[in-house]
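A.B. asks: Predicted model, plus sequence, below.
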Amino acid sequence: MKRIVIKIGSQIILDDEEGNSNYLSNILNEIVSLKSKGFSFTIVSSGAVALAKKHITIQKSQDGTTSSKQALSSIGQVYLMNKYKSFFNLHNIECAQVLAGRDNFNSRLAYLNIRNALEELYSYNVIPIINENDVVSTMEIEGKFYGDNDRLAAIVANAIDADQLILFGKTKGLYTSDPNKNTNSKIIKKVEKIDNEIASYASSPGDNIGSGGMKSKIEAAKICMESGIRCSISNVEFDNTIFRIINSEEIGTKFIPSNQKKEAKKRWLITGLSESKGTIVVDDGASNALINNGASLLSVGINKLVGTFKRGDIVVVENLKEYQIGFGISNYDSEDLYRLVGKDSKELKNILLVNHGDEIIHRNNFVFLENN
């Protein structure tokens, strides 16, 4: 059985509510059809705030505040789930609401708990409908992170060992520039490596409805590629869009991973691509040891630190040229590590009150970013 994660953007939800398009029904009808053929689906859906604004009136003075966005998200969740439940009830399919944030996946224990709950829902033959829990986690609606549901969809795909993530929005895929502003813009049909050129094509959201944009979709695709999961960006202008994407037809933009799927713990570490708490910059010797020898990171190889983090947090490791080597779990708080920069491992016992071992990041808790 193939596991597919579908992310549906706010504009698709709002257009359906206003009767402006049949994109949502096209997606859901195809999910029903493919589900009957043995495919398993998880939906990550935006649109709660947009639906609430459509159905209730708020004072202009309230619009834009964090608390009003939290309230709108809470109200809109009911409309959003009723939309999905009403459709799937017609086909005798059960769906379930799952509210989660990216921060819920940072903890290894919370990550496993969410994964186990989703696995149980699959055993009941239920389709999970997942959305960012904006009532509790306000980072997206405050504008600190954009496109949380794009990255959340990638993290969910990672957690459940999905085969494919499809990010549905209004655009046909990744273009060399905004096709609404540049008639000479060209769609990129296939991406095998997300380099600086590919990243430069990203833009902010242009519809003022959702909080995503191409930048967040590329970041989601990067998480998938590093995990060995295929990812596609598309709209639903084509017939049988999902089926054709699954079968590797050139629809939208497809991101092709170069590596096999990583084992579960390594996939969890890759969630650090969007949630790292800090950066450890290492010298050339440590960089070479990590990349070519599969070594653990020792304090002597650390050149400098950026940010504040705790023992057990996921941190990014960069070389002196600021290239990301990978991500790993730090054995020490940044407060302790600032005292250990460049120190020989033999000195740790004389510097620290509590010694957690010579390895700052153990090789078993480190994942190398192959696409870099």
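C.D. replies: Looks like it came in fine. Numbers count the residues shown, from 1 in each chain.
A.B. asks: could you point out which element follows the least confident helix or strand in the chain by mean pLDDT?
C.D. replies: Ranked by mean pLDDT, DSSP states H and E, the weakest helix or strand in the chain is helix 272-275, scoring a mean of 63. For helix 272-275, the following helix or strand on the C-terminal side (DSSP states H and E) is strand 278-282.
A.B. asks: What's the separation between the nearest residue to Phe168 once chain neighbours are set aside and Ser234?
C.D. replies: Setting aside the residues directly before and after it, Phe168 is nearest to Ile8 in space (C-beta to C-beta, 6 or more residues apart in numbering), at 5.3 Å. Yep, even glycine has a C-beta here, placed from its N, CA and C like the rest. Distance of Ile8 to Ser234, given as C-beta to C-beta, to the nearest Å: 12 Å.
A.B. asks: Looking at these two now, which is surrounded by more residues?
C.D. replies: Each of Ile8 and Ser234 has its neighbours counted (other C-beta atoms under 10 Å); Ile8 has more, 27 against 21.
A.B. asks: for the more buried one, what are its contacts?
C.D. replies: Leu24, Ile27, Ile43, Val44, Ser45, Ser46, Gly47, Phe168 (C-beta atoms under 8 Å, 6 or more residues apart in numbering).
A.B. asks: Apply 10 Å and report the result again.
C.D. replies: Applying C-beta atoms under 10 Å, 6 or more residues apart in numbering, we find Ile8 in contact with 16, 23-24, 27-28, 43-47, 80, 84, 129, 149, 153, 166-169, 236.
A.B. asks: Generate a PyMOL selection restricted to the buried subset of the residues you listed.
C.D. replies: The PyMOL command for the buried members of these (criterion: 16 or more other C-beta atoms under 10 Å) is given here:
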select buried, resi 16+23+24+27+28+43+44+45+46+47+80+84+129+149+153+166+167+168+169+236
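A.B. asks: re the thing from before, name the residues contacting each of Ile8 and Ser234.
C.D. replies: With C-beta under 10 Å, 6+ apart as the test, Ile8 and Ser234 both reach Ile166, Leu167, Phe168, Gly169.
A.B. asks: Could you chop this structure up by domain?
C.D. replies: Domains of the chain are assigned by automatic domain parsing as 3-267, 276-368.
A.B. asks: Lowest average pLDDT across these?
C.D. replies: Averaged per stretch, pLDDT over the domains of the chain is lowest on domain 3-267, reaching a mean of 85.
A.B. asks: how far out from the middle of the chain is that domain?
C.D. replies: 9 Å (C-alpha atoms, centre = their mean, to the nearest Å).
A.B. asks: thinking again about what came up before, and the residue nearest to Phe168, how far from Ser200?
C.D. replies: Distance from Ile8 to Ser200, by C-beta to C-beta: 27 Å.
A.B. asks: Where do the helices of the stretch 1-150 of the chain begin and end?
C.D. replies: Secondary structure of the stretch 1-150 of the chain (DSSP state H, counting those that start in this stretch): helices at 10-18, 23-35, 48-55, 66-89, 108-123, 148-159.
A.B. asks: most neighbours per residue, which of those helices?
C.D. replies: Highest mean neighbour count of the helices of the stretch 1-150 of the chain: helix 148-159, a mean of 29 (counted as mean count of other C-beta atoms under 10 Å).
A.B. asks: What pairs with whichever helix or strand comes after that one, parallel or antiparallel?
C.D. replies: Using DSSP H and E, the next helix or strand after helix 148-159 towards the C-terminus is strand 164-168. Within its sheet, strand 164-168 is paired with strand 3-8 (parallel), strand 230-234 (parallel), according to DSSP bridges.
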